[in-house]
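**Student:** the sequence isn't on hand, but the structure is:
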């Protein structure tokens, strides 16, 4: 059985109330959310008694109140909760501003762009579209569109799949890649 991983994203500076409601939704809890905070917290703690992992995306948008609520749930002895805070520029700085949370962070991992060599190694393993692609075409795609950015590779892969389906081509080539580049945001 796989791990129960739930992804949540918040708008800028969410309140603890907003965090409660987002977790309620992410956990697919039945019924209506409780009106009283103590009932709401008890419901969430019970739901988090089973091992759960939350991937909190765009963590640089969280404020002290939201971080404090996550810390409150994590510190609860009845919960089996792992939280992965993922964010863009400034995320680490935001997390460091919250000493009660920052002291509980097990690992800080900074991701950088893939080097051209890493692209040629990783991208054929990333998706079947790239598995039999010519390494020169992968390098071409990286140089002109993805620039070692894994998120860009994900977008490029989606457009490339669409292009392959529309054209009936058996594999990626530079003409199809140029079409996919034109679709990138």
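**Tutor:** Received, thanks. Bear in mind the structure is a predicted one, so any value in this text is a computation, not a measurement.
**Student:** now do the buried residues in stretch 6-15.
**Tutor:** 8, 10, 14 (16 or more other Cβ atoms under 10 Å). Bear in mind the C-beta positions are built from the backbone N, C-alpha and C, glycine included.
**Student:** ok, stretch 90-107 next?
**Tutor:** Neighbour-count burial for stretch 90-107, counted by 16+ other Cβ under 10 Å, picks out 91, 92, 94, 95, 98, 101.
**Student:** how about stretch 144-159?
**Tutor:** Buried residues in stretch 144-159 (16+ other Cβ under 10 Å): 145, 146, 148, 149, 152, 153, 155, 156, 157, 159.
**Student:** next one: the spatially most central residue of the chain from residue 10, what distance?
**Tutor:** Nearest to the geometric centre of the chain sits residue 57, at 5.2 Å (Cα atoms, centre = their mean). Residue 57 is 9 Å from residue 10, where distance means Cβ to Cβ, to the nearest Å.
**Student:** ok, now residue 69?
**Tutor:** 11 Å.
**Student:** what is in contact with these two at once?
**Tutor:** residue 19 (Cβ atoms under 8 Å, 6 or more residues apart in numbering).
**Student:** for the nearest residue to residue 127 once chain neighbours are set aside, which residues are in contact?
**Tutor:** Once flanking residues are discounted, residue 127 sits nearest to residue 157: 5.0 Å by Cβ to Cβ, 6 or more residues apart in numbering. Residues in contact with residue 157, defined by Cβ under 8 Å, 6+ apart, are 126, 127, 129, 130.
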